[in-house]
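**Q** Predicted coordinates and the sequence they were generated for:
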Amino acid sequence: MKRAIFLDRDGVINRKGGPYYIYLKEDFVLNEGVTEALKYFMHKGFLLIIITNQGGIAKGVYTEEQMHEVHNFMKELLKKDGIEIAGIYYCPHHPDVSPCECRKPGTLLLEKAIKDFNIDTASSWMIGDSEIDIQAAEKMGIKGVLIPENGNMMELIVKPGLIT
């Protein structure tokens, strides 16, 4: 079985704010300390998997194609630093428009990733900037680390030795 670091996207990987929904490449900016932290996690043998709610799709603010363009841009940015994202799982629903089982704090996205990658939940972690990220992880037996929105993952998690 493999270990994984599950990551929320907006507010954890990339800066959240400005436009509320980040669906254009020009609005996508990596948060400080992200590349260093992700390199550290890969060096420690963790797979990197993104679990993200993308409710703007259901609301008609942006399309799945636009979201995929941003995800491809993000993966290319990270790849330049030797970082590989093993998988990206997203919920395109919003409770005001299309209720579902996959939107965090639901666990369907985590369940799929765990099955797809044969993940050992007891030795895996979820990093999120919202209580719903942590709730979803804990329902699956995954330890959660809550960081402030747009926080520096390197300073908040790696340097204090929270995940080894």
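**A** The structure has been received and is ready for your questions. In this text the structure is predicted, and so the values were computed from the model without any measurement. Residues are numbered from 1 along each chain as shown.

**Q** how near is residue 38 to residue 135?
**A** Residue 38 is 23 Å from residue 135, where distance means C-beta to C-beta, to the nearest Å. The way it works is simple: take the backbone N, C-alpha and C, and place the C-beta from them, glycine included.

**Q** Kindly list the longest helix within the protein.
**A** Longest helix in the chain, counting residues (DSSP state H): helix 64-79.

**Q** That one: how far from the chain's middle?
**A** Helix 64-79 has its average C-alpha position 13 Å from the chain's average C-alpha position, going by C-alpha atoms, centre = their mean, to the nearest Å.

**Q** start the count at 39, not 1, going forward
**A** That works, and once the first residue is 39, the last one we named lands at helix 102-117.

**Q** Pull up the pairing partners for the next helix or strand after that helix, direction included.
**A** Under the assignment DSSP states H and E, the closest C-terminal helix or strand after helix 102-117 is strand 125-129. Strands flanking strand 125-129 in the sheet, each with its direction: strand 84-91 (parallel) (DSSP bridges).
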